[in-house]
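# Pasted the sequence and its predicted model underneath.
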Amino acid sequence: MWQSAGNVHHTTILAVRRGDEVALAGDGQVTVHDTVLKGSATKVRTLFEGKVLAGFAGSVADALTLFERFEGQLEKNTGQLRKAAVELAKQWRTDRALRRLEAWLVVADPESVLVVSGEGDVIEPDDDVVGIGSGGGFAVSAARALLAHTSFSATEVARISMEIAADVCVYTNRYITIASINKGGEATVIPAGDGGLA
């Protein structure tokens, strides 16, 4: 598990990998200090023709800039997730404009789950679960328990874990979007509101 600190915390993003599937889930709440500005944001998306998942915690505008840069690196590196993440981290450390961005990314494919931090680091969790944002610890704890004691798919583990996080974290809501990819390259996005996720 890895959780962001500092100013970048008013959300929950969770990645879970199980078997040949990886799922990435994010809630929809946008909070500034103690005020909810929006409850239906989408913080998870597929990139590189549906072969890579990405989610963010932090400033929306900053995260969109990072998504763009990361997608550019995926194109440049023919979809190699690790290489693209390392190249983005290098840019993040050396580019003055990027260094000011306040966002964190979780990126994943069926082989890897990585966090690209606000300091320009690339972190791979020890297990197949990672969470960022203020609800990240709650979601990761639930996901680890579900992985250890159930045979649920990565998508189901992500969904249930996010619902648990939403019940305990005031910065997380039940407007949950989940994207998943299997090793066959098939990507699925379950928008919030489908399947009882909102």
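Yep, that arrived.
# Just the element for residue 107, please.
Here residue 107 sits within strand 103-108, counting by DSSP states H and E.
# now the strands for the chain?
In the chain, the strands defined using DSSP state E lie at 13-18, 21-26, 30-32, 35-38, 44-47, 52-58, 103-108, 113-116, 122-123, 129-132, 177-182, 187-190.
# counting contacts, what elements does the second one pack onto?
Counting contacts by 3 or more Cβ pairs under 8 Å, 6 or more residues apart in numbering; DSSP states H and E, strand 21-26 is packed against strand 13-18, strand 44-47, strand 52-58, strand 103-108, helix 154-168, strand 177-182. (Each C-beta comes from the backbone N, C-alpha and C, glycine too.)
# For the nearest residue to residue 83 once chain neighbours are set aside, grab phi and psi.
The shortest distance from residue 83 to any non-neighbouring residue, by Cβ to Cβ, 6 or more residues apart in numbering, is to residue 77 (4.3 Å). Backbone geometry at residue 77, expressed as degrees, to the nearest 10, gives phi -110, psi 30.
# tell me, what residue is most central in this structure?
Closest residue to the average C-alpha location of the chain: residue 55 at 3.3 Å, with Cα atoms, centre = their mean.
# Now stretch 55-62: average pLDDT?
Summarised as a single mean, pLDDT over stretch 55-62 is 84.
# for stretch 41-52, that is, sorry about that
Stretch 41-52 comes out with an average pLDDT of 93.
# Check stretch 93-113 too.
83.
# How about it, which residues are buried there?
98, 101, 103-110, 112-113 (16 or more other Cβ atoms under 10 Å).
# Ok, stretch 121-130 next?
Buried residues in stretch 121-130 (16+ other Cβ under 10 Å): 122, 125, 128-130.
# So residue 188 is in contact with residue 158, correct?
No: here residue 188 does not reach residue 158: they are 11.8 Å apart, not a contact under Cβ atoms under 8 Å.
# Show the contacting residues for residue 32.
Going by Cβ atoms under 8 Å, 6 or more residues apart in numbering, residue 32 touches residue 10.
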